[in-house]
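**Student:** can you look at this prediction? I've put the sequence above it.
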Amino acid sequence: MVALRDLHRRLHNRDNNNLINREVSPDDYDMDEVEKRNEDKEVSSNLEESNFEIDKEFPEKKKSDFLREDFSGKISNDIDWKETKNKFSKNGFIKNKFKIIGIVILSLLLIIGGIISYVRYKQGSFKPENVFIEFQGDAQVKSGDDMKYRLLIENDNRTNLDDAVLKVIYPEELIPTKMSFTREGTQGAFYIDIGKIKSFETKEFELKFKVFSPNGNQPYLKTELSYQPDNFNSEFVKKDNHLVNIQGSIVDFSLISQKEGANGELLKFIGILTNNTANSFENLVLEMSYPEGFSFDNSGLEILDNENKMFKIPKLEPGEKMEVEILGIFTGQINSVKKMIGKIGFLNEDNNLSEISISEEVVKIIPARITLTQTLVSGGDTENLFTQTGSIVKYKINFKNNSSSPLLDLVLSEKIGGSLVDQDSVNAKNGYYNKEIKEIIWRASDIPELKRLNPGKEGFVEFEYKVKDDFIPENEGNQILTTQAKISSLNIDTNLPESKEINSGNKILKVATDLDLSMSGSFGEGVFKNSGPIPIENGKETTFTIKISLKNNFNEISDPSLLIKLPSGINWKNSFHRTSGDVSFNNRTNELEWRMNQLKSKVGYENQVEELTFQIGIVPQKDKLDKEELTLVNSVNFSGFEEFIDKEISKRLEKFRLNYISDYEF
């Protein structure tokens, strides 16, 4: 390159014309001493390449011909020497540039190929489909059995799985046994904290469930495995389902009865139990679900609850078949269908039934052979069926023969129940009351219609009793009075002997609470110190303490409140004390309000009396000094809502005068 630049300089120097007519040699150039020999070699090489290109492009000319061209002012028409020189100098640079670009591209391809290979290797070391969840255990189970499973978690990847947690979601038919490695979750789920699962490792856990499926369902066990591969930053979730095939029950149960039942007749339901195992059972429980209008009568089984719905089954031996009976009475609309449901199972820790078998039976209600109704005539609310303490309640019982045959020698009875019944007050016209069994009996000797009741004919009887007014309840809760009428005849057309007795069903009469609202006053007693002249004097203030008391015997009252109205001449002293609730006074109306959240039963009996005590002042005038005329409180109005009888309750006290102050006369 240096030699070419020097040649170009010499050719364009006018003082060097003698150079045109001689051969050009590299020795003629004065090379810088700082240039090395290898640079000379490079120049020579470039010159040779340039000569080769010239010879290639102008084969008919020689190199010396170019030097003999006329340079007197014109460039030869055959070739522009300057352009040729530039072309020669650029060819080497372009080739070097292409070499560099090629090396860069090749390096980039190698880097990209390395990255792709790494990613492919990384991806190949983990695949979500190489994570497996497997349940191993019985293919089929019976309701009531214990079910065991081996749960396998397999990692078939080259990478480890970190922070693995398994969520097991179980259906209501399965009750899991708590294990040392399980952690409780939300309802219907538990967790297993697995942690790290190494590459190609399998984790194993044993799970146990109690199976309760009365309908032989096929529920699913669901699993969700969350984890993070150690060469990924993302969390993965593996979901799986396992079908639990429940076939039958360890104890089969079926409920049977007649398909039709007359309104008010006694019906028998027979439950058949079969032990399908080689084990005996001593803790089986029968739970009945009664439809509306059914009244339980009796059963030969031990009753386990107060509602006559749970019964203990006697010991059931291996392979044994057992029959149990439930008797009761349906009342309802004609042609209505009643469904009875029986369930067999075991009581759990919450005293609820874990079912293993269930059976249903439906009964159609047909017209009763005898219509038997009882009606509250007086002594209470005949529509809402409630009464008050001290009331005399009167009932009427009607009976009618709906069959096509006459009924002979009928016996009519009435059971009376309830702690508030005054037994000495029971009066049955033309009947006999047995105090021992609390039952009234009417026979044909006293009631002619009971001797022979022809088809379509009817009759009636009446009775009454008093509700106690001095009763203190032993237990908290609501008070009811019950009556149940029965009529029987030996020639009632029915296959069940017990059904020859027709039952009206229970008639329930609720007893409203006995709210006691009272007011008293004093001068020298109570929590406040009173002052002023006694007897009262004209123009001078005397203060008194007023006390309002509440007692409630039976039913809870919600949102109770009292409004106390004071006369205009009475001054509110803003001194008060109450057992509960809030007190407010309105200066403009001269009214005092006492509000509570509730008034519980047995307040004033076993529980503390609710009281409000407050202080008032009076400055009498000349014409109002008569203690029998001077009013301290105009009225007290109580209001609330009695939940049991679903009715508003109210009570009122009228004027409280000066002469009612207990210690006024000294």
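**Tutor:** Perfect, thanks for sending it.

**Student:** touching, T202 and L152? I think so.
**Tutor:** Yes - contact criterion C-beta atoms under 8 Å: T202 and L152 qualify, at 5.7 Å. All C-beta spots, glycine's among them, are computed from the backbone N, C-alpha and C.

**Student:** which strands and helices lie in contact with the helix or strand harbouring K343?
**Tutor:** Per DSSP states H and E, K343 falls inside strand 337-347. With contacts taken as 3 or more C-beta pairs under 8 Å, 6 or more residues apart in numbering; DSSP states H and E, strand 337-347 sits against strand 251-256, strand 266-275, strand 285-289, strand 353-366.

**Student:** report the angle between it and strand 285-289.
**Tutor:** 150 degrees (axes from the mean of the first three to the mean of the last three C-alpha atoms, to 10 degrees).

**Student:** chain center to strand 337-347: distance?
**Tutor:** 24 Å (C-alpha atoms, centre = their mean, to the nearest Å).

**Student:** domains in the chain, as residue ranges please.
**Tutor:** As given by automatic domain parsing, the domain ranges for the chain are 2-95, 128-248, 250-366, 370-511, 515-660.

**Student:** show the average pLDDT along the last one.
**Tutor:** What it means is domain 515-660. Mean per-residue pLDDT for domain 515-660: 90.

**Student:** number the residues from 55 up from this point.
**Tutor:** Sure thing, new numbering starts at 55, so read that last one as domain 569-714.

**Student:** now the terminal residues of it, how far apart.
**Tutor:** This stretch, domain 569-714, spans 22 Å end to end (C-alpha to C-alpha, to the nearest Å).

**Student:** can you tell me the element K627 falls in?
**Tutor:** In the assignment (DSSP H and E), K627 maps to strand 624-632.

**Student:** buried set for that strand?
**Tutor:** Within strand 624-632, the residues scored as buried using 16 or more other C-beta atoms under 10 Å are I624, W626, K627, F630, R632.

**Student:** from the residues you listed, pick the one nearest I446.
**Tutor:** For these, the minimum distance to I446 (C-beta to C-beta) is 37.6 Å, reached by R632.

**Student:** if I look at the closest one, how far off is E645?
**Tutor:** Plainly put, R632 is 16 Å away from E645 if you go by C-beta to C-beta, to the nearest Å.

**Student:** repeat that for S445.
**Tutor:** Distance of S445 to E645, given as C-beta to C-beta: 34 Å.

**Student:** same deal with E409?
**Tutor:** As judged by C-beta to C-beta, E409 and E645 stand 59 Å apart.

**Student:** now do K292
**Tutor:** For K292 relative to E645 (C-beta to C-beta), the value is 72 Å.

**Student:** how about D636?
**Tutor:** Where E645 is concerned, D636 sits at a distance of 14 Å (C-beta to C-beta).

**Student:** likewise E665?
**Tutor:** The gap separating E665 from E645 is 19 Å, by C-beta to C-beta.

**Student:** same question, I159
**Tutor:** Counting by C-beta to C-beta - I159 and E645 are separated by 100 Å.

**Student:** in the stretch 155-304 of the chain, which spans are strands?
**Tutor:** 185-191, 194-197, 200-209, 215-223, 228-230, 236-238, 243-251, 256-265, 274-283, 290-297, 299-303 (DSSP state E, counting those that start in this stretch).

**Student:** mind listing what the fifth one pairs with, with the direction of each?
**Tutor:** In this case it means strand 228-230. If you go by DSSP bridges, strand 228-230 pairs up with strand 256-265 (antiparallel).

**Student:** can you check the last one too?
**Tutor:** Partner strands for strand 299-303, per DSSP bridges, with pairing direction: strand 194-197 (parallel).

**Student:** how about the CA coordinates for the strand it pairs with, as PDB?
**Tutor:** Only the C-alpha atoms of strand 194-197 are listed here, as PDB (Å, rounded to 0.1, in the frame of the first residue of the first chain):
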ATOM      1  CA  GLN A 194     -64.500 -51.500  45.600                       C
ATOM      2  CA  VAL A 195     -65.600 -50.600  49.200                       C
ATOM      3  CA  LYS A 196     -68.800 -50.800  51.100                       C
ATOM      4  CA  SER A 197     -70.500 -48.000  53.000                       C
END
